[in-house]
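J.: Would you be able to build a 3D model of this:
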Amino acid sequence: MSFSSRVIGIDFGNDKTRVSLMSPEQRMPDIVRNDFSLESTPSVVAFDDERRYVGEEGLSKVTSRPKWAANFLRKLFSPGATSESLSLGYKMTSTDTQLPSVDTPKGKFSIPQLLSMLFNTVINYARKMDDAKKEELPGSVTVAVPKGASDEAIQMVISALRIIGLDEANINVATEGQAAAQCYRGVRHEVLPKELTEEVKPIAIVDVGSAFATVTIARISRSEVSILSESCIATGSSSLDYLIMNNIIDSIKSQSDKELFVPGTKPYARLLKESCKAKEVMSTMNNHTLHAEALTETLDLSHKMTIDDIKKHAQPLINAVEQAIDEALKSANITAADLSEVEVIGGGWRTTCVQRFLKDKFSTDTLAVHLDPSQTVAQGCALIALRLDPLPEPETETETKKEETPEAENETPASVRNGVHYFKLNCDPLVPNPDKKIPDDELERMRGVEQELSLAEEKYNQRMTARNNLETYYLQLCNIAYSAKMSETQTEEIEALVREMDNWMLEQDDSEITVFTDKLVELKEKVTTKYPAINEYLKKQEEEEAAKEKQRQEQMKLAKETREPKTDPQRIKAAQERKDQGIVLFKAENYIDAVTRFVQALTHLKDIYDLENADIKEKRNTLALSCHLNIASSSLKLKKWSHCEKNCTQAIDYDPKSAKAYFRRGQARRQLNEFETSRADLTLALELSGGDSAIKKELDLLQKSETAQLKRTKRCSRKCSTDKR
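T.: Next up, the predicted model:
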């Protein structure tokens, strides 16, 4: 099936953006993973003098170069959004005749242009997942926005997708509540009542997101989704981060240090990041000390926090959630007692005091978590996108049942057989205001700017690839000389050649691509002629890589030929097969392809629906835990510390007592210089493992790393002070 027949759902979040991909025959959408095998991409667009950085690439700029990073773009949906509220390092300007825009080192860009850069990046991940060509576009795209988003904000989202090349007829904007209700129906389809009768009680879906708190009241059956009300308040869990940070800033005694903490500065961005981490740590601990060394030139921060501090800082968030609940119940003309259940999604509900409040508010001991809290909106958007190009309705129930027989299995799409995609939707649709539409000539200008940027970036990437290929080749020569046991004289010659190349590279900052490619050809010819031992070593290495590539291609071919699993037991089996393949690749030290297999296994596991079945759920959780741990282990080998950390955190979600998960996350955090959280992880891992010797060694390494970092920091501070004098 071509990419143009697939649909995409985008959950454009405050911190992260998630994408789902779906074809008509699927029951539920697949979550798209990015180039780092992660299910979410940071909602960040950053620039410097050379190029732009989107998603994971831009994330590092948020703290290292905050003036270069535009993040939290989703807050543009809030009333009166400004540069500061958007956390834009650049100043945002706007007039009555111009779109809000920001000035960057690469020029001035409007908000729709920034959004198009982010959307194009995540849609490109979907292309890669589907083996589609770069220029191919999906059949339709739906993006979720908060209830009450302004006409201007809605048109900015539509314009961003039009800049990419999508036709306006294939673009849809839905509220987050509508998307969540659609996903709920898809996931819970088998256990829902067949028809929406008066006996069907409403449910509440509480979404405590990073920037907004949304409550949706809906009555849902297999055949109909009726949204009774939806309330959204522009306060989310990120408000807790800011309150923690502001409290820390207030505790700083030096007025000169306090004045450094303003939006767009490195101390401000770094302290905000540390405050967010402290919030996460405090979700499982009663006390925590936030450490931030060399936060400014004169400040090493150490701030003690207690659970009571978190409760106090969380009160504005709880008030916002309560307001959203009260408004939604009032609008639906019901009380909490009329609800059949309360489903919670979003990341903010995990905060202990928020959970306690929700249980008290709805007078329940249990909050439902049938949906994946982070994937619900993206999957719901894809289901809405599918309605833009609906399949033909089955004529009768009898005919549908007939099509479910094995004889007709290859003739009828799965969506017709199971009826999941045929239902009635009762809600107030979001209708874009044509008066706020961006003129076609302005959109054409933006497309031209995007094409120029893309061409410049392609040339830059080609140049960097040529440079890196040359650098990789000559830097490995010394190791090869040692491994091949060459003579001392030849080894010294190779070392001299490497030094000569280092000096040459320092003079090539502005050189063209051909300079590097020609130099590589020249160097290879010289080395292979004069040093046959190196030539033999490289030839053997190429043969090993070719064998790995052949194995990878055969497995990819097998994966494509393998029939898509249709039932949960088949999905479990397929996931087990992919995991086993990943372990074989891991043992062969083919870590990149091993990660691909583990990710494929997780993709199958995400499609499992009958989590009411205890056996299926246990098998799913066990496999998912193993895959995340294996990805983390592979990431350590590949030195992808952040990737390892995130997969360990996901593993802990499945097993909060996994010593391996805490151990590997502690290792990754040590490499990221996050010593406080690394120590907490390793200490807990040591306790859970019963005193594992490898964990003790890692704690020793952590102590050495802390000491070395402290010495470097002090030397840097002394040097800065000397330079100022």
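J.: Can you read off the pLDDT for the residue in the chain sticking out farthest from the centre?
T.: With Cα atoms, centre = their mean as the measure, the chain has its most outlying C-alpha, relative to the mean C-alpha position, at Thr489: 51.2 Å. Listed pLDDT for Thr489 reads 91.
J.: With Asp700 instead?
T.: The confidence metric pLDDT takes the value 92 at Asp700.
J.: what do you get for Ile592?
T.: Here the pLDDT value assigned to Ile592 is 86.
J.: For it, which residues are in contact?
T.: Neighbour list for Ile592: 634, 638 [criterion: Cβ atoms under 8 Å, 6 or more residues apart in numbering]. C-beta here means a position set from N, CA and C on the backbone, and glycine is covered the same way.
J.: Any figure for the gap between it and Asp607?
T.: For Ile592, the distance to Asp607 equals 24 Å [Cβ to Cβ, to the nearest Å].
J.: Would you mind listing where the stretch 51-200 of the chain has pLDDT under the threshold?
T.: Along the stretch 51-200 of the chain, the parts satisfying pLDDT under 70 run over 70-100.
J.: same question, the chain
T.: In the predicted model of the chain, residues 1, 70-100, 284, 388-419, 555-566, 713-725 satisfy pLDDT under 70.
J.: Residues contacting stretch 680-699, please?
T.: Stretch 680-699 has contacts (Cβ under 8 Å, 6+ apart) with 281, 285, 657-660, 662-663, 665-667, 669-670, 679, 702.
J.: Please pick the buried ones from the residues you listed.
T.: With neighbours counted using 16 or more other Cβ atoms under 10 Å, the contacts of stretch 680-699 contain these buried positions: 281, 658-660, 662-663, 665-667, 669-670, 679, 702.
J.: any idea how far Ala680 is from Asn535?
T.: 51 Å.
J.: Settle it for me: which of those two has more neighbours?
T.: Between Asn535 and Ala680, counted using other Cβ atoms under 10 Å, Ala680 has the larger neighbour count: 19 against 16.
J.: Need the three-state assignment for that one.
T.: At Ala680 the chain is in helix, as set by DSSP: H, G, I helix; E, B strand; the rest coil.
J.: separation between it and Ala278?
T.: Counting by Cβ to Cβ, the gap between Ala680 and Ala278 amounts to 11 Å.
J.: now do Pro316
T.: When Cβ to Cβ is applied, the distance between Pro316 and Ala278 equals 17 Å.
J.: who has more neighbours, those two?
T.: Set side by side, Pro316 and Ala278 show unequal neighbour counts under other Cβ under 10 Å, the larger going to Ala278 at 26 against 14.
J.: just the contacts of stretch 680-699 now: which is nearest Asp441?
T.: For the contacts of stretch 680-699, the closest approach to Asp441 (Cβ to Cβ) belongs to Arg669, at 50.7 Å.
J.: contacting residues around the closest one?
T.: Arg669 makes contacts with 641, 645, 675, 677-678, 681, as judged by Cβ under 8 Å, 6+ apart.
J.: Buried residues in the helix or strand hosting Val206, which are they?
T.: Val206 is located in strand 203-208, with elements delineated by DSSP states H and E. By neighbour count on 16+ other Cβ under 10 Å, the buried set for strand 203-208 is 203-208.
J.: tell me which of those residues is nearest to Gly236?
T.: Of all the buried residues of strand 203-208, Val208 has the smallest distance to Gly236: 6.8 Å, by Cβ to Cβ.
J.: Looks like the closest one contacts Ser238 (just checking).
T.: No - taking contacts as Cβ atoms under 8 Å, Val208 lies outside contact range of Ser238: 10.8 Å.
J.: that older thread, how about the strand holding Val206 as CSV, C-alpha atoms only?
T.: As requested, the backbone C-alpha atoms of strand 203-208 are provided in CSV (Å, rounded to 0.1, in the frame of the first residue of the first chain):
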residue,chain,number,x,y,z
ILE,A,203,-17.2,8.5,31.0
ALA,A,204,-14.7,11.3,31.8
ILE,A,205,-11.3,11.5,30.1
VAL,A,206,-9.0,13.7,32.2
ASP,A,207,-5.9,14.8,30.3
VAL,A,208,-3.3,16.5,32.5
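J.: could you pull out the strands for the stretch 301-450 of the chain?
T.: Using DSSP state E, counting those that start in this stretch, the strands assigned to the stretch 301-450 of the chain run over residues 301-306, 342-345, 424-426.
J.: Between those strands, which one is closest to Val44.
T.: Using Cβ to Cβ as the criterion, the shortest distance between Val44 and these is 22.7 Å, found for strand 342-345.
J.: Check which helices and strands that closest one sits against.
T.: Applying 3 or more Cβ pairs under 8 Å, 6 or more residues apart in numbering; DSSP states H and E, one finds that strand 342-345 makes contact with helix 176-187, strand 203-208.
J.: can I get the buried ones among the contacts of stretch 680-699 in a markdown table with secondary structure?
T.: Shown next, in a markdown table, are the buried ones among the contacts of stretch 680-699 (three-state DSSP):
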| residue | secondary structure |
| --- | --- |
| Val281 | helix |
| Ser658 | coil |
| Ala659 | helix |
| Lys660 | helix |
| Tyr662 | helix |
| Phe663 | helix |
| Arg665 | helix |
| Gly666 | helix |
| Gln667 | helix |
| Arg669 | helix |
| Arg670 | helix |
| Arg679 | helix |
| Leu702 | helix |
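J.: Pro434: which of those is nearest?
T.: Nearest to Pro434 among the buried ones among the contacts of stretch 680-699, counting by Cβ to Cβ, is Val281 at 48.7 Å.
J.: ok, that closest one - contacts?
T.: 288, 677, 680.
J.: returning to that earlier point: would you format the buried ones among the contacts of stretch 680-699 as a markdown table with distance to Ile227 included?
T.: Shown next, in a markdown table, are the buried ones among the contacts of stretch 680-699 (distance: Cβ to Cβ, whole Å):
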| residue | distance to Ile227 |
| --- | --- |
| Val281 | 37 |
| Ser658 | 39 |
| Ala659 | 45 |
| Lys660 | 43 |
| Tyr662 | 42 |
| Phe663 | 46 |
| Arg665 | 40 |
| Gly666 | 45 |
| Gln667 | 46 |
| Arg669 | 42 |
| Arg670 | 48 |
| Arg679 | 47 |
| Leu702 | 51 |
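J.: so Ile652 is in which element?
T.: Using DSSP H and E, Ile652 falls in helix 641-654.
J.: Kindly apply the preceding question to Arg463 instead.
T.: Applying DSSP H and E, one finds Arg463 within helix 440-475.
J.: quick one: contacts of the very next helix or strand once past that helix?
T.: The element immediately downstream of helix 440-475 (helix or strand, assigned by DSSP H and E) is helix 477-483. When contacts are defined by Cβ under 8 Å, 6+ apart, helix 477-483 is touched by residues 490-491, 494-495, 497-498, 527, 531, 534, 537-538.
J.: repeat for stretch 615-627
T.: Outside stretch 615-627, the residues within contact range by Cβ under 8 Å, 6+ apart are 568-569, 572, 575-576, 579, 582, 598-599, 601-602, 605, 608, 610-611, 651, 654-655, 658.
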